[in-house]
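Asks: what's the 3D shape of this:
(2 chains)
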Amino acid sequence: MLPITRRPAWWLLIPGMILSALYIQQYVLEERIMADAQAAVAASALLLIFAASLVSVSAALEVGRDKSSRGMTEIAVRSKIVIALVRLWPSFVAGAIVQLVGIVLLLVKAGSSPNRFPILIAVGLFVALFFHAGIGMFLGSWMRARFAVPLALAVSYLWLGFAWTFDFVPVRYLAGLALEGCCAPDETVDAAAVYSLMVFSVLGFFGFVLLAMAVSGSRMLPRGKANWVRTSAGMLTLIVASSLGLFIARDVAVSPVVARPLAEAECSVSVPEVCLFPTQLARGDTRQVYAEAFEVLARKGMPKVNKIVSASTEQVPVLSNDGVANVMATPGQSRSRALESAASTYADALTYIECPQETTEDVYGWAEVLKAWSIRVAAEEVLDPDERSTLPDTSMLESVSIPGETNFLGQWHKLSKLDNKSQSQWATAAYDRLSNCRLPVAVSGGTK
Amino acid sequence: MKWAMKARRYWTTTIVAVIASIVGTTAGNFNLPIPFLSSFVGPSTMPAPVVPSLILVVVAGAMIQSAELLWSAASVRNVIAHSMLLAAGLVAIVVVVSLLTGLALHEGEAAWLMARDVLGLLVLWSGARAVGIKRFAGLVPVVYLLIASAFARNSMGEVRGWAWILGRDVSDPWALATIGIGCLLTFLYVRQRRSLVGRTTRANS
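Replies: Below is the predicted model:
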């Protein structure tokens, strides 16, 4: 066995870990992965840039060294796959350690999580390293080290970086980086995306080993019939790897996620019933705020809500006719943010209605006025005064105003001056009209 | 002279330079997304000429270094000067071909961007050689791009000055400083015929 000091993978391990740690510290926001082990491990897909670079560079160095130390008349007794494993195991292990360190740091950043550790995503990311080992091995066998090593790094980088840019979405999952799009608390990973990555990476590795066997001589082109057969077999394996990978990922969406089953949600005994996923409850239970906010708004005349969930809008509409509201609940959400999310539901539901083009801008502006009213009314009854101070102000209404037509900030000021009953009457009437793509009657002046 | 050029495979390098210049200038106005920065702090891109520039510099660097054998350090000729002359010639080819392509396509800015990228990355390679990174000096431009595309953005979402390769400003002071310092290091390296750091007088193996 070669001494540790002769294995480049071990030398590159420390810089790889430092870069991963720096990247996590600088760019991974805690809010994005909070209390969610799945999102934390998926976010580590971005660290493939360091782990895969380490693997491809060290593989090219190892194989190049093996090639240059071989005598001209030496006959290879061991098969290329055995040589590959003996030469490349430190590259795999070092790359996996960089990835693993990243995963551990991200899990620490995410904090305790009700989710199980997502073994499938972690294994998928480790297996992705095989493909990069293959790149390094092939280039190291084909070219001299001074060509192979920088090119191995460049090819790994370009593959990871630009597979992402393909409009044909399944290609993105072959590189693995796109897994970082997983997952919001109401989503779980689409296993097909991970299987696609694994199948492509393993088969791709064997394809590169076959190609490396064919070009390990001193010439650029393979010599002899056997080497041409190996070249063809290698190319064919790479084509099969790509085809299979693309086939497996054919139905995966732009983000590699599927909706989490609503049966996993934990429901409160309040009226209305509030059902949130364990991840959404992991840093504080805000279900009471949601229930109270909807109850207050129903008392003011807004449509009654029987059940509140937090799921993707493809799974559950923002506000359904049978009284189910879909809110945006995140782990660690404050009471004021929870109230804002609940009270915004009616206005948000209006923005999903398809209205004629000429009214869209007005509907959006009036919906914002309605949102400001809903938040203020609910906050006055549910939140303490100090909690109310963290709610957003209404200055954004100025930005949605249409110059020369409707001044929504002015309308809001007029609405605020009305007595409570008139405000409720205007808001409920406005909601009814906006739900039918009709614009509400402008607020008339009045006093409290 | 003929040997010095043949040993550095000047035909292959010239062909790669011409192709890279045409491709880089033609694609000069495209921006390629960088995934490593886009997810958390907004979308990031790099100008497309970076990719052909990088490949050209890696290939040219390795071709040029191929001619610097062990015994060449003891040669009466300044072998390193020959290498750097060829590198300067490559930059000249890139400038001419890029400008001609730019003229044909009315893409003058893209042509200068291509020239800046090739020159900037090439001086990173030659600067790395000057400070003692010999055999794998070609890694330095690739590592620079990798680090830039992972760490270029500050917490405000702005591109940091040192990551000039991700910007389009041909007169970026950081780019000019990199090129200036790289040229200075290269000049000293050519004069001394050995790396500025360390005591070895051995040429590249």
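
Asks: how many neighbours does the closest residue to chain A within chain B have?
Replies: Closest residue of chain B to chain A, CB to the nearest CB: residue B:138 (3.7 Å). No exception for glycine: its C-beta is placed from N, CA and C like everyone else's. Neighbourhood size, residue B:138 [other CB atoms under 10 Å in any protein chain shown]: 32.

Asks: I figured it hits residue A:152, correct?
Replies: No: with contacts counted by CB atoms under 8 Å, residue B:138 stays clear of residue A:152, the gap being 10.8 Å.

Asks: need the residues touching each of those two.
Replies: Common neighbours of residue B:138 and residue A:152, using CB atoms under 8 Å, 6 or more residues apart in numbering or on different chains, do not exist here.

Asks: could I get the pLDDT score of residue A:77?
Replies: You'll see residue A:77 listed with a pLDDT of 68.

Asks: oh, I was asking about residue B:61
Replies: pLDDT recorded at residue B:61 is 91.

Asks: got phi/psi on it?
Replies: Main-chain torsions, residue B:61, degrees, to the nearest 10: phi -60, psi -50.

Asks: distance of it from residue A:49?
Replies: Per CB to CB, to the nearest Å, residue B:61 is found 22 Å from residue A:49.

Asks: how many residues are close by residue A:392?
Replies: 12.

Asks: check contacts around the nearest residue to it once chain neighbours are set aside.
Replies: Of all residues not flanking residue A:392 in the chain, residue A:340 sits nearest, at 7.2 Å (CB to CB, 6 or more residues apart in numbering or on different chains). Residues in contact with residue A:340, defined by CB under 8 Å, 6+ apart, are A:375, A:391-392.

Asks: for residue A:362, same thing?
Replies: A:402, A:405-406, A:439.

Asks: with just CA atoms, put stretch B:83-91 into CSV.
Replies: Only the C-alpha atoms of stretch B:83-91 are listed here, as CSV (Å, rounded to 0.1, in the frame of the first residue of the first chain):
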residue,chain,number,x,y,z
SER,B,83,7.9,29.7,-23.7
MET,B,84,6.7,33.1,-22.7
LEU,B,85,7.2,34.5,-26.2
LEU,B,86,5.0,31.7,-27.5
ALA,B,87,2.4,32.6,-24.9
ALA,B,88,2.6,36.3,-25.9
GLY,B,89,2.2,35.2,-29.5
LEU,B,90,-0.9,33.3,-28.5
VAL,B,91,-2.4,36.4,-26.9
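
Asks: what does that stretch rub up against?
Replies: Here stretch B:83-91 makes contact (CB under 8 Å, 6+ apart) with B:4-5, B:8, B:10, B:13-14, B:17, B:56, B:60, B:64-65, B:67-68, B:115, B:118-119, B:122, B:126, B:186, B:189-190.

Asks: returning to that earlier point: in strands only, show me the contacts of residue A:340.
Replies: In strands, judged by DSSP state E, none of the contacts of residue A:340 are found.

Asks: chain B: which of those is nearest?
Replies: residue A:392 (21.1 Å).

Asks: relative to residue A:36, how far out is the closest one?
Replies: 26 Å.

Asks: please apply the same query to residue A:235.
Replies: Residue A:235 is 41 Å from residue A:36, by CB to CB.

Asks: how about residue A:337?
Replies: 17 Å.

Asks: between these two, which one's more packed in?
Replies: Just comparing residue A:337 and residue A:36: by other CB under 10 Å the higher neighbour count belongs to residue A:36, 30 against 18.

Asks: which non-adjacent residue is nearest that one?
Replies: Per CB to CB, 6+ apart, closest to residue A:36 is residue A:279, 5.1 Å.

Asks: and that neighbour, what helix or strand is that in?
Replies: helix A:278-281 (DSSP states H and E).

Asks: continuing past that helix, what's the next helix or strand?
Replies: The helix or strand immediately downstream of helix A:278-281 is helix A:287-299, counting by DSSP H and E.

Asks: can you give me the strands for chain A?
Replies: Using DSSP E, strands in chain A cover A:187-189, A:257-259, A:266-267, A:273-276, A:307-309, A:324-326.
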